[in-house]
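S.K.: return a 3D structure for these sequence lines:
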Amino acid sequence: MILVTHDLGIVRLLAPQLLVMQNGFIVESGLTDKVLDDTQQLVNSVLVN
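M.R.: All right, here's what the predicted structure looks like:
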């Protein structure tokens, strides 16, 4: 299943894995909790905070 959303609460509930995209490119991927709790990319940090 592919889910496109900005609602990170829904992402945590429904998605075991996550891809973070910016300008059509994948900038971060992995297990949802790890990606959301340990942000590596600036774009992901902005989304979470």
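
S.K.: from here on, just use CA atoms for contacts and neighbour counts.
M.R.: Will do.

S.K.: center of this structure - which residue?
M.R.: The geometric centre of the chain, computed from its C-alpha atoms, lies nearest to Val20 (C-alpha atoms, centre = their mean), at 4.4 Å.

S.K.: quick one: strands adjacent to the strand or helix carrying that one?
M.R.: Counting by DSSP states H and E, the element that carries Val20 is strand 17-22. Here strand 17-22 is paired, per DSSP bridges, with strand 25-31 (antiparallel).

S.K.: buried set for the partner strand?
M.R.: When neighbours are counted by 16 or more other C-alpha atoms under 10 Å, the buried residues of strand 25-31 are found to be Glu28.

S.K.: what's the first helix or strand after that strand?
M.R.: For strand 25-31, the succeeding helix or strand toward the C-terminus, using DSSP H and E, is helix 32-37.

S.K.: in that following helix, which residues are buried?
M.R.: Neighbour count says helix 32-37 has 32, 35-36 buried, by 16+ other C-alpha under 10 Å.

S.K.: for the residues you listed, which one is nearest Ile26?
M.R.: Distances from the buried residues of helix 32-37 to Ile26 were compared by C-alpha to C-alpha; the smallest belongs to Val35, at 12.6 Å.

S.K.: contacts only, for the closest one.
M.R.: Applying C-alpha atoms under 8 Å, 6 or more residues apart in numbering, we find Val35 in contact with 18, 28-29.

S.K.: now Leu3, what's its secondary structure?
M.R.: Under DSSP: H, G, I helix; E, B strand; the rest coil, Leu3 falls in the coil class.

S.K.: check what pLDDT it gets.
M.R.: The confidence metric pLDDT takes the value 91 at Leu3.

S.K.: need the distance between the two termini of stretch 4-11.
M.R.: The first residue of stretch 4-11 is 9 Å away from its last residue (C-alpha to C-alpha, to the nearest Å).

S.K.: buried residues in that stretch?
M.R.: Of the residues in stretch 4-11, those with enough neighbours to count as buried (16+ other C-alpha under 10 Å) are Val11.

S.K.: looking at the contacts of Val35, which gets the smallest pLDDT?
M.R.: Between those, the one the model trusts least by pLDDT is Glu28, at 88.
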